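Novice: A predicted structure for the sequence below; I have some questions about it.
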Amino acid sequence: MYHAIVRARVRSLWRRVGSGDYAAAVRLAAPDVRFRFVGEPPLGAELRGREAFARWFEETGARLPGLRMRLTDVVVKGWPWDTTVVARLAITATPAHDPHYTNEAIQWIRLRWGRMVSDEVMEDTQRLARAIRAAGPA
């Protein structure tokens, strides 16, 4: 039952985040959340804290206009004090140079008592790097 509740909450959260409400993810984060976006800069990051997490979303949105992320699958395991959530995401954006940008990612999240304490995202970084290079400086 607990896993079904978490899956439903994750789906609800991703509907909000996917429509551009990135603040919903930031509100779920613990004050000292650890966020890691695997890859090279400019989007590759290893950050700590809600404020840094929020800034990453702002900077990413500026580099990839129209950024939308859609949850396609979710797996939950563990207990309320140590829950693992694995999400599969479909990503789109509409930068001027490529109005059909698509990508995919896997997200590995750790929750403690309903708060996100770590979030690691693995995306096709080659495709992302090509899109950022084509878009030019942010």
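Specialist: Received it, and whenever you're ready, just let me know what you need.

Novice: shaky segments in this structure?
Specialist: Judged by pLDDT under 70, the chain has its weakly predicted residues at 96-98, 135-138.

Novice: please redo it, this time with the cut-off set to 90
Specialist: 18-20, 39-44, 57, 59-68, 92-102, 124-138 (pLDDT under 90).

Novice: show me the strands in it, by range?
Specialist: 29-37, 45-48, 68-79, 82-93, 101-112, 115-123 (DSSP state E).

Novice: number of nearby residues for the spatially closest residue to residue 78 that is not a sequence neighbour?
Specialist: Using CB to CB, 6 or more residues apart in numbering and skipping the chain neighbours, the partner closest in space to residue 78 is residue 84 (5.1 Å). Bear in mind the C-beta positions are built from the backbone N, C-alpha and C, glycine included. Using other CB atoms under 10 Å, residue 84 has 14 neighbouring residues.

Novice: hang on, isn't residue 84 packed against residue 74?
Specialist: No. Here residue 84 does not reach residue 74: they are 11.1 Å apart, not a contact under CB atoms under 8 Å.

Novice: how near is the residue nearest to residue 78 to residue 67?
Specialist: 25 Å (CB to CB, to the nearest Å).

Novice: any idea how far residue 57 is from residue 125?
Specialist: From residue 57 to residue 125 the distance is 18 Å (CB to CB).

Novice: then residue 51?
Specialist: Taking CB to CB, one finds residue 51 at 25 Å from residue 125.

Novice: have a look at those two and say which one is more surrounded.
Specialist: Remark: of residue 51 and residue 125, residue 125 carries more neighbours, 17 against 11, as counted by other CB under 10 Å.

Novice: any idea how far that one is from residue 54?
Specialist: 22 Å.

Novice: residue 79 now?
Specialist: Applying CB to CB to residue 79 and residue 54 gives a distance of 28 Å.

Novice: these two: which is more packed in?
Specialist: Neighbour comparison, residue 79 and residue 54: the larger count goes to residue 54, with 18 against 11 (by other CB under 10 Å).

Novice: cool, thanks, signing off.
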